[in-house]
Every structure is written in structure tokens, then in C-alpha cells.
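S.K.: sharing a sequence plus its predicted fold:
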Amino acid sequence: MLYYTQLIYINEGAEQLFHSFEDKVLPLLANHNGELVYRIRPDEKSFIASSRELPYEIHLVTFESRSDFENYIKDPARLAFTELKNNSVEKIVLIEGVKIG
């Protein structure tokens, strides 16, 4: 099992466009052995300390394998909404990890 954390930074004023993208692509996770564990939209009070700008959303997603993750990223149904993503997202920081213990 692999864990992917995304720190998602969106363009100012693009919240609804971003939500539309997410509404279309998140249901596709299950087609690739993926699961959205957490989708967090923290406010400034949620951060105890920070040395960088704060993300709009934080996602924790699991996949059974790296190939499942890669197949999700390349899924034609997901790629059909790339323009929504490109017009709403400034940047994404992706962190891959595994369960310890």
C-alpha cells in the first residue's frame, strides 16, 4: 500500500473551478484501487507553525501499487478534465510514502 499526500495550491478566485475538477476526478480513484482517505481544507488557525505559504487543500490518498497510481494519473476520463485543473491549480506538492509500523 502506498500513500500519497498532496498539498494543493490554487489560483486566486478559482475555487469553484477547482471544486468542479475534483468532483469529476475523485470518483475515478476507485477504478484504480485508490481511496481518498482525507480531503482537508484547513484554515490558518489549523497550522501551528509554517515557513511557507499555506495550501488550499490537503489530500491523503492510498493506492495498492505505484502502477495503480500511474494508471489513475493517465486515465483518459481524468485527462479529459486537465483544462479545469490547469486553470485552477497553481501548483501541487506530491509526497509519496508508506505505512511505518
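M.R.: Looks like it arrived, so ask away.
S.K.: pLDDT wise, what is the residue in the chain sticking out farthest from the centre at?
M.R.: Farthest-out residue of the chain from its mean C-alpha position, per CA atoms, centre = their mean: G101, at 24.8 Å. For G101, the pLDDT comes out at 87.
S.K.: what of S46?
M.R.: Per-residue pLDDT puts S46 at 93.
S.K.: and the helix ranked longest in the chain, how far out from the chain middle?
M.R.: Counting residues, the longest helix found in the chain (DSSP state H) is helix 15-25. On the basis of CA atoms, centre = their mean, to the nearest Å, helix 15-25 sits 11 Å off its chain's mean C-alpha point.
S.K.: against which helices or strands is it packed?
M.R.: Judged by 3 or more CB pairs under 8 Å, 6 or more residues apart in numbering; DSSP states H and E, the packing partners of helix 15-25 are helix 82-88. Just so you know, the C-beta spots here come from the backbone N, C-alpha and C atoms, and that holds for glycine as well.
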